[in-house]
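*Asks:* what would the 3D arrangement of this be:
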Amino acid sequence: MNAHGKARAVGFNHVALEVGDLDAALEFYGRFVDFELRGRSETMAFIDLGDQFLALQQGRQQPADDGRHFGLVVDDKEAVRASLEEMGVEILPGPFLDFLDPWGNRIEIVGYTNIQFTKADHVLRGMGLEHLEKTDDAVRELAENGMAPA
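*Replies:* Sure thing, here's the model as predicted:
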């Protein structure tokens, strides 16, 4: 607990998405990102993201998302763009790489090297991604917030 008597938000452990069909969702996501399953049941699948995970839960009933979305960080944003285009997935208008999955979940694809979000070195190593480096702008943004890499 901090001096203000409140807990401090630290980050995300996982994001959960509802999908209409679990097998179809795993096939869809597997066409543009390489992933390992952390676990699976009849109605849930957990895509491993190192120290985080994406939970897919069968049973979406709400309409498609408009502004509500999450940013999925990848090592190669342009590879995802090419895969989505090859799949015939509509890229939503705007400055970002946003799209809707077949169940209406809005996803923004974000390139790791260009943003402040950082995985610890040991987590990157465990994911086989120790080669990823931040751009000068991303390092500057981290430094401005007291979080520059050592």
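
*Asks:* what residues of the longest helix seen in the chain count as buried?
*Replies:* In the chain, taking DSSP state H as the definition, the longest helix is helix 77-87. For helix 77-87, the neighbour count (16 or more other CB atoms under 10 Å) marks 77, 80, 81, 84 as buried. (Each C-beta comes from the backbone N, C-alpha and C, glycine too.)

*Asks:* helices or strands next to that helix in the packing?
*Replies:* strand 97-100, strand 106-111 (3 or more CB pairs under 8 Å, 6 or more residues apart in numbering; DSSP states H and E).

*Asks:* any idea how far it is from the chain center?
*Replies:* Computed by CA atoms, centre = their mean, to the nearest Å, the separation of helix 77-87 from the middle of its chain amounts to 15 Å.

*Asks:* could I get the average pLDDT for that helix?
*Replies:* The average pLDDT within helix 77-87 is 97.

*Asks:* same thing with stretch 29-49?
*Replies:* 96.

*Asks:* could I get the CA-only coordinates of that stretch as PDB?
*Replies:* Extracted in PDB, the C-alpha atoms of stretch 29-49 (Å, rounded to 0.1, in the frame of the first residue of the first chain):
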ATOM      1  CA  TYR A  29      -5.500 -15.800 -34.300                       C
ATOM      2  CA  GLY A  30      -3.000 -18.500 -35.300                       C
ATOM      3  CA  ARG A  31      -3.100 -17.200 -38.900                       C
ATOM      4  CA  PHE A  32      -1.400 -13.900 -38.000                       C
ATOM      5  CA  VAL A  33       0.500 -14.500 -34.700                       C
ATOM      6  CA  ASP A  34       2.700 -17.400 -33.600                       C
ATOM      7  CA  PHE A  35       1.700 -18.500 -30.100                       C
ATOM      8  CA  GLU A  36       1.800 -21.300 -27.500                       C
ATOM      9  CA  LEU A  37      -1.200 -22.300 -25.500                       C
ATOM     10  CA  ARG A  38      -0.800 -21.900 -21.800                       C
ATOM     11  CA  GLY A  39      -3.800 -24.100 -21.200                       C
ATOM     12  CA  ARG A  40      -7.100 -25.100 -22.600                       C
ATOM     13  CA  SER A  41     -10.500 -26.400 -21.500                       C
ATOM     14  CA  GLU A  42     -13.700 -27.100 -23.400                       C
ATOM     15  CA  THR A  43     -14.800 -23.400 -23.300                       C
ATOM     16  CA  MET A  44     -11.500 -21.500 -22.500                       C
ATOM     17  CA  ALA A  45      -8.100 -21.200 -24.100                       C
ATOM     18  CA  PHE A  46      -5.100 -19.300 -22.800                       C
ATOM     19  CA  ILE A  47      -2.600 -17.900 -25.300                       C
ATOM     20  CA  ASP A  48       0.800 -17.400 -23.600                       C
ATOM     21  CA  LEU A  49       2.300 -13.900 -23.800                       C
END
